[in-house]
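S.K.: Structure for the following, please:
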Amino acid sequence: MKRFLFLLIAMSIGVAGFSQTQPQKNESAGVKIYNPTANAQADIDAAAAKAKKENKHVFVQVGGNWCVWCIRFHNLVEETPELKNYLNSNFETVLVNYSPENKNEAVLKKLKNPGRFGFPVFLILDGNGEVIHIQNSGYLEEGKGHSAKLITDFLKNWTYKAVNPSLAK
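M.R.: Residues are numbered from 1 along each chain as shown. Presented below is the predicted three-dimensional model:
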């Protein structure tokens, strides 16, 4: 009876282990989208300065190489030319790492602690590097990933022209 019970438990654990969601393309430990050694504040400052000159805003994506949803978002942008072009045309983009190697606590505190929404989390900054919006990316999901349409609609509401219609050239 003990052997049968042991066998039943062992089989249950084995089946549970194999039933986990299998990683999609590029969803492995080897993915290096975020740079834990990057100077996040310097990256944000540079992007804000460039955005200010070009009448754009800064799109900040906070996450880590450990985050499946962060990788899925990155892959969606890379694989959707219309979305990638819209993002690049209207925003300066910065990826801010959050991982055990570097939690960027001082930077994230300055950015109003966006990690409270989970990861990835998206921020829109003005040309002075000030937060004008924090977006919980969960509202932009559809199925097992993010929706290109929902993301595009979100971005359209936070372009420089949308926020400053009288100042836009």
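S.K.: going forward, measure contacts and count neighbours with C-alpha atoms only.
M.R.: Will do.
S.K.: In contact with the residue nearest the centre of the chain, which residues are there?
M.R.: Centroid-nearest residue in the chain, with CA atoms, centre = their mean: Pro120, separated by 3.4 Å. Contacts for Pro120 (CA atoms under 8 Å, 6 or more residues apart in numbering) come out as 61-64, 67, 69-70, 136-137.
S.K.: would you list those in CSV and tack on pLDDT?
M.R.: What follows is these, written out as CSV (pLDDT from 0 to 100):
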residue, pLDDT
Gln61, 98
Val62, 98
Gly63, 98
Gly64, 98
Cys67, 96
Trp69, 97
Cys70, 97
Asn136, 98
Ser137, 98
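S.K.: pull the helix or strand with minimum mean pLDDT from the chain.
M.R.: Of all the helices and strands that make up the chain, helix 2-18 has the lowest average by mean pLDDT, DSSP states H and E, namely a mean of 49.
S.K.: what about the helices in the chain?
M.R.: 2-18, 40-53, 68-79, 81-90, 105-110, 148-156, 160-163 (DSSP state H).
S.K.: could these go into TSV alongside distance to Arg116 and mean neighbour count?
M.R.: Below are those laid out as TSV (distance: least, CA to CA, whole Å; neighbours: other CA atoms under 10 Å):
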stretch	distance to Arg116	mean neighbour count
helix 2-18	29	10
helix 40-53	18	18
helix 68-79	15	19
helix 81-90	24	15
helix 105-110	10	13
helix 148-156	19	15
helix 160-163	25	17
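S.K.: Make a markdown table out of those helices and add distance to Asn97.
M.R.: Formatted as a markdown table, the helices of the chain follow (distance: least, CA to CA, whole Å):
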| stretch | distance to Asn97 |
| --- | --- |
| helix 2-18 | 29 |
| helix 40-53 | 8 |
| helix 68-79 | 11 |
| helix 81-90 | 19 |
| helix 105-110 | 10 |
| helix 148-156 | 21 |
| helix 160-163 | 25 |
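S.K.: Can you say which of the ones you listed is nearest to Gly129?
M.R.: helix 40-53 (5.3 Å; CA to CA).
S.K.: Output the closest one in CSV with nothing but the alpha carbons.
M.R.: Extracted in CSV, the C-alpha atoms of helix 40-53 (Å, rounded to 0.1, in the frame of the first residue of the first chain):
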residue,chain,number,x,y,z
ALA,A,40,18.8,53.4,-16.2
GLN,A,41,18.7,57.1,-15.0
ALA,A,42,21.3,58.1,-17.7
ASP,A,43,19.3,56.2,-20.4
ILE,A,44,16.1,58.0,-19.3
ASP,A,45,17.8,61.4,-19.2
ALA,A,46,19.2,60.9,-22.7
ALA,A,47,15.9,59.7,-24.1
ALA,A,48,14.1,62.7,-22.4
ALA,A,49,16.5,65.2,-23.8
LYS,A,50,16.1,63.7,-27.3
ALA,A,51,12.3,63.5,-26.9
LYS,A,52,12.1,67.2,-25.9
LYS,A,53,14.1,68.3,-29.0
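S.K.: Thank you, goodbye.
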